[in-house]
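Asker: Show me the folded form of this:
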Amino acid sequence: MRLFFGLSIALLMVSSRVCGESEDYMRMGLETLLERESLKYQTCIADKEAECDFDEVYSYLKLLDLWDPIAAKKTKYPRIAMEAGFQGLAEFEIAIADDGSVTRVEPLYCETGTSDARLRFQWRVDGRFCRQFTREASKAFDEYLFPVFPDSLANLPRVIRYRHIFSLKSDFSPSLDLQITDLSRVQLNQISELTKNGKWQELEEFAVDSEAESPAFIFYAGDAAWNLGDRQLAVKRYRKFLENGGGRYWHFGAKAATLSITYLYDQADDHGVVSIGHRQLLEQYLREGTVVQKNAVADAILKYASSLTLIEEPRIGRAILTLRNLGNYSESYSGVTEQIQQMIKRELANYESQIIKIGKTKAKQLSDPLKLN
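Answerer: Numbering: from 1, shown residues only. Sure, this is the predicted structure:
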């Protein structure tokens, strides 16, 4: 197995030791990287044709406790959508002043549907009631209040991507842990029969021939290849499945992402691992899924975090946030081995030490070095 080390940030190369370092340096390091990523994002969105990644900006704001609003108006659920049983997701670009007030709200995206709001299976972009969902969310965001920016970040543009999910159910739907599929009973029975009898070649032929009917067939084609021993072809199909909305199929999505990340990581294909992503699906599955083994899911998330630091432009903020979430889960619930838990702690300490080093360098540049606690 590859080692979970080797982060290379253009700012500097540092030791992996984290013992007794100051939280002040940690915060200064996070602020330094937030400033860099925010300016990069601002430059990107100025180019209307570019696809801009907001993930690192979000991660540093979250790590600095500057993301979650300190005051929020309750969003009104559109009555007509509620009566029709529709749920929605609306995403916006929000500009925030240094004092935390919202100065601009611009709609970016909307999708709606009737299935579970977290997986959004078979939801439609710009679907029914999107206008109503967008209008109500926009009105609420106008009155949000976010944390005040510290003096060290004053005048740094704070333009964020923010979303609101309109859900008719406040907690996890028990039906979600059933396998979501859009196949007919006849098709499912045929697949079940082939799988039960280990007829993987026949399953592969059936799935490939039916691929155009549903992404689920792409998954089954991948499963057949995996059981036939062709891991490379299987992962190619799993990735195609995920690219075609496979993450919304719950167990299928979690299995495809877990196996693909593990295989690609062992092949040293860090870009492939990062491109699969599906961090939110795997983190949700770790909490609530029951079919794919918890330890395998946790291991895939750990490898995903590692790959984030091994690509040309490392995403250290996302890696730290991912590992913190993973560590919190593994300490609270069963299913994650002690070995994985220790690897999480080791990697997190490694990455955080590098942020602290950046903070020390910044303090030195400001000629106002902080004292270690």
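Asker: I'd guessed residue 307 sits against residue 277; true?
Answerer: No: Residue 307 lies out of contact with residue 277 (C-beta atoms under 8 Å); the separation is 10.1 Å. From N, CA and C alone the C-beta is placed, and that goes for glycine too.
Asker: can you point me to the longest strand in the protein?
Answerer: strand 102-113 (DSSP state E).
Asker: Centre of the chain to that one, how far?
Answerer: On the basis of C-alpha atoms, centre = their mean, to the nearest Å, strand 102-113 sits 19 Å off its chain's mean C-alpha point.
Asker: so after it, what's the next helix or strand?
Answerer: Downstream of strand 102-113, the first helix or strand assigned by DSSP states H and E is strand 124-125.
Asker: and the next element down the chain from that next one?
Answerer: helix 130-141.
Asker: Show me which residues of that next one are buried.
Answerer: Residues of helix 130-141 classed as buried under the neighbour-count rule (16 or more other C-beta atoms under 10 Å) are 130, 132-134, 136-138, 140-141.
Asker: Pull the residues that contact it.
Answerer: Under the contact criterion C-beta atoms under 8 Å, 6 or more residues apart in numbering, helix 130-141 has outside partners 72-78, 80-81, 88-90, 92, 94, 102, 105, 107, 110-112, 162, 164, 166.
Asker: How about stretch 196-213?
Answerer: Residues from elsewhere that reach stretch 196-213 (C-beta under 8 Å, 6+ apart): 183, 187, 190-191, 194-195, 217-218, 220-221, 223-225, 227-228.
Asker: got the phi/psi numbers for residue 82?
Answerer: For residue 82, the backbone dihedrals (degrees, to the nearest 10) come out as phi -60, psi -40.
Asker: Quick check: pLDDT value at residue 171.
Answerer: Per-residue confidence (pLDDT) for residue 171: 52.
Asker: can you list the domain ranges for the protein.
Answerer: Structurally, the chain divides into domains by automatic domain parsing as follows: 79-175, 202-357.
Asker: Just send the ones you listed back as a markdown table, with distance to residue 42 too.
Answerer: Output for the domains of the chain, formatted as a markdown table (distance: least, C-beta to C-beta, whole Å):
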| stretch | distance to residue 42 |
| --- | --- |
| domain 79-175 | 5 |
| domain 202-357 | 16 |
